[in-house]
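Asker: how would this look folded up:
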Amino acid sequence: MSRPAAPRTPDAPAQQAAAGNVHLELQRLTLNGYTPGQQQRFLATLQASLERLAADHTGWPADASLQIAHLDAGALASGATPESAARQVAQQLFAQCGAHLRKRSHV
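Answerer: So this is what the prediction gives:
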């Protein structure tokens, strides 16, 4: 999933243009217990959340590459909506990416 760079305006910070440099490829995503409509809501919110988080993480190295074999997004609150679940998955994904990148920079 990639996002085109945001157009630069005179008052926009220069870092904003780097937001499009984050590329994520999800090879498999299992959504147990969701109807097709709920799956679509989850995926739309996941994409929007990942794009927002990517825009906030412009400080990551441009040449960073990372592969995560399995992501445990943690336990969802009882009755969590597909949207809140998607936001939690996006946050966990970026948290793990950040942790792996920080660990690499200290090696």
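Asker: ok, which stretches of the chain are strands?
Answerer: Counting by DSSP state E, the chain forms no strands at all.
Asker: OK, contacts around the closest residue to Phe94 other than its chain neighbours?
Answerer: Beyond its immediate neighbours in the sequence, the residue positioned closest to Phe94 (C-beta to C-beta, 6 or more residues apart in numbering) is Leu53, lying 4.7 Å away. C-beta: built from backbone N, CA, C; applies to glycine. Contacts for Leu53 (C-beta atoms under 8 Å, 6 or more residues apart in numbering) come out as 90-91, 94.
Asker: quick one: which of these sit in helices?
Answerer: 90-91, 94 (DSSP state H).
Asker: What subset of these is buried?
Answerer: Buried subset of the ones in helices among the contacts of Leu53 (neighbour count, 16 or more other C-beta atoms under 10 Å): 90, 94.
Asker: mind giving me JSON lines with the ones in helices among the contacts of Leu53 and columns for distance to Arg102?
Answerer: Output for the ones in helices among the contacts of Leu53, formatted as JSON lines (distance: C-beta to C-beta, whole Å):
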{"residue": "Ala90", "distance to Arg102": "19"}
{"residue": "Gln91", "distance to Arg102": "16"}
{"residue": "Phe94", "distance to Arg102": "12"}
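Asker: and the ones in helices among the contacts of Leu53 as TSV, adding distance to Ala73 and pLDDT?
Answerer: Output for those, formatted as TSV (distance: C-beta to C-beta, whole Å; pLDDT from 0 to 100):
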residue	distance to Ala73	pLDDT
Ala90	9	92
Gln91	8	91
Phe94	11	85
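Asker: Out of the ones in helices among the contacts of Leu53, which comes closest to Ser65?
Answerer: Phe94 (15.5 Å; C-beta to C-beta).
Asker: Please work out how many residues are found near the residue nearest to Ala64 when sequence neighbours are not counted.
Answerer: Distance criterion C-beta to C-beta, 6+ apart; nearest residue to Ala64, sequence neighbours excluded, is Leu101 at 5.6 Å. By other C-beta atoms under 10 Å, 16 other residues sit near Leu101.
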